[in-house]
Every structure is written in C-alpha cells, then in structure tokens.
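S.K.: generate a structure from the sequence data that follows.
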Amino acid sequence: MTVTPIPTPSATPDQIEPTKLVARKPRLRRRTPGERIFNAVNIVLLTGFALMCLIPFIHVIGSSFATPGELATSNFVLIPKEWTLAAWQYILSTPTIFRAMGVSVFVTVVGTFLSLVVTAMMAYALAKPYLLGRRSINFLVIFTMLFSGGMIPTFIVVSKLGLLDSLWSLILPATVNAFNLVIMRNFFQGIPDSLEEAARIDGCSEIGVFLRVVLPLSMASIATIGLFYAVTYWNTYMGAVLYINDSSKWPIQVLLRQVVIVSSGMNADATVVDVVPPAQSVKMAVIAVATLPMLAVYPFVQRYFVKGAMIGSVKG
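M.R.: Model (predicted):
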C-alpha cells in the first residue's frame, strides 16, 4: 500500500521574509509662545534663587582667602584681588580647631546613630495598630511638638542625671525628635502587611521582620531622617553653652562664637582662640570649616531626601 504525500502549498517570498516594522520617531509638539515665556520666567527665577543661596557661601570662601586690607576697604568680596593663605594657616596651625571639630564629629556620629536606632524602633512599634496604648503614646509624642518643659526644667533634668560637662549632655536630650518620629512612623505604615506576614510564615520573629524586611525597604526614610539628625547635632550650640563648662569639650559652633566675639573686640575666653585676636578672614575661614562637612555629606543622601520626606509626610 502506497501512501501519497499531501502536497503543501508553496510559500511565497512575502511569507518567507519577516515583516519589517519601520519605527517612526514621535513628532514633537511645538511649544506655544505662552509655554516658552513660562519656561523662560521659570529659568530666570530658579537661577536667581540658586544664586541667592550660593553667593553667601562664595562670599565666605572668597573672604577667607582675601587680605585684611581688601576686607577693610570692601564690605563684600566674592573673588579676592590678592589671594593669601594666612587665615587658613592660622586656624590649621592651632589644635583648638581640630579639637572642636573632633567633638562635633563625635557628637554627630554617635548622636545620629543612636537617634536613628531609637526613632526607628519606636516608629515601628507605633505603626502597628495592635499595639496596646498606641493612641495615648502617639498623643504624648504629638503633644511634645506643641509644648515643652523649657530651658530651665531641661537643665535641671540634665544636672540631676549627672551629665553636666559631659558630651552625653549634647546627645541624650535630643535623641528623639517628635517630627522625625512621625515621618518615619507614617513611612512604616505604608509598607504592605503582606510582606511582614510572609516573613513571619518563614519563621522570622518580630525583630527579624524589622531588621530583614522593614529596614531594607526604608532606606529612603532612614537616610532622610539621618540627615535631619546629623544637621541638628552638628549645629549644636545652645546645649553646649548651657551644659558644657570645660572649653576643651566645646563643639565647633561654640568655638566659632568665641572667634566672632574675639574678632569683634569683646571680652571672651582668649585662651580658647590662642590669645591672638583673629582677623575678618580668619572668622570666614572658621565658618567655612564648620560648613564644609555637612556640604560633603549631603550629596550622598540627596537622592533619598525628597522621596523619604514626601512619602513619610503624606501617608498615614
């Protein structure tokens, strides 16, 4: 028995070659005159605001490299006519600046780490609806944003705890900020519960869920709150004036105050700033030294800043 093969229709060349799709570039819509004017006005305004923020810092840097004669004849210096390193040599030749910088760095690093740990743990607990007394604790936190004990009661508490003349007096009273706590709590409330339930099914404890699930998803909020805390600790001034009597434990901001007072001819502790009254350029150099560390840290957390602050402030 012979089997006759079934003839197959011959394929045409059009069917063999794949169809070529020609991608057309989207046609850009021409901007109207009103849109062009609007964009031009925006560019001018934003450039003006940027210069308003940048020019004072350029003035400080430029004045730190200017000669005393130029600063005496000109009240506003951006680019000095004659450059000198005398002011920078003066502040870098004395150990006082480095000691104060070391105090500020210690307070900022340790304080920021401790504040993030305490704030994150407290915010995670307050973000859970099953926490007993959650409403009362939230009320007490919000209450401190509106009312506080004041300077004298806080000084008495710090004194009774034996923290006077200790660097911990600059850290512990500012460990938790109510505003930062509310932002982080709202951020934690936006994390889906299904992720935490899945981790618990896999055997994670509550601490394991917090460390392995919640914190990795909250890097934007943590970086933002960390920047808030770091700036607060770095700019510590009033607490150091109230609680620190030993000049060797003063942070950079208090030393900057002494530099300004001595340069103005007022009475101050001259031994703190090496007896020699600093010139205007020295004052500008100290301001630059006190500002540069925060400017160096900000670019690394800037990409998290807007995301972390906005998400934590609109949810919950």
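S.K.: of all the residues in whichever strand or helix holds residue 104, which ones are buried?
M.R.: Assigning secondary structure by DSSP states H and E places residue 104 in helix 95-126. Residues of helix 95-126 classed as buried: 96-97, 99-101, 103-104, 106-108, 111-112, 114-116, 119-120, 122-124, 126 (neighbour count, 16 or more other C-beta atoms under 10 Å). Backbone N, C-alpha and C define where each C-beta goes, glycine included.
S.K.: which parts of the stretch 101-250 of the chain are helices?
M.R.: Applying DSSP state H, counting those that start in this stretch to the stretch 101-250 of the chain gives helices spanning 134-146, 151-160, 178-189, 193-201, 206-209, 215-217, 219-234, 238-243.
S.K.: out of the ones you listed, which gets nearest to residue 257?
M.R.: Nearest to residue 257 among the helices of the stretch 101-250 of the chain is helix 238-243; the distance by C-beta to C-beta comes to 8.0 Å.
S.K.: quick one: the closest one to chain centroid distance?
M.R.: With C-alpha atoms, centre = their mean, to the nearest Å as the basis, helix 238-243 stands 22 Å off its chain's centre.
S.K.: show me what it is packed against.
M.R.: helix 151-160, helix 252-263 (3 or more C-beta pairs under 8 Å, 6 or more residues apart in numbering; DSSP states H and E).
S.K.: what separation do you get for residue 67 and residue 78?
M.R.: 15 Å (C-beta to C-beta, to the nearest Å).
S.K.: between these two, who's got more neighbours?
M.R.: Ranked by neighbour count (other C-beta atoms under 10 Å), residue 67 and residue 78 place residue 67 first, with 18 against 12.
S.K.: give me the phi and psi for residue 245.
M.R.: Backbone torsions of residue 245, given as degrees, to the nearest 10, read phi -100, psi -20.
S.K.: swap in the one 5 residues further on?
M.R.: Torsion angles at residue 250 (phi, psi; degrees, to the nearest 10) stand at phi -70, psi 140.
S.K.: what sits against it?
M.R.: By C-beta atoms under 8 Å, 6 or more residues apart in numbering, the contact list for residue 250 reads 100, 103, 240, 244, 258, 272.
S.K.: same thing but at 6 Å, please
M.R.: For residue 250, the contacting residues are 100, 240, by C-beta atoms under 6 Å, 6 or more residues apart in numbering.
S.K.: report pLDDT for it.
M.R.: Note for residue 250: predicted pLDDT of 90.
S.K.: taking the centroid of the chain, which residue is nearest it?
M.R.: residue 227 (2.5 Å; C-alpha atoms, centre = their mean).
S.K.: please consider this matter closed, and thank you.
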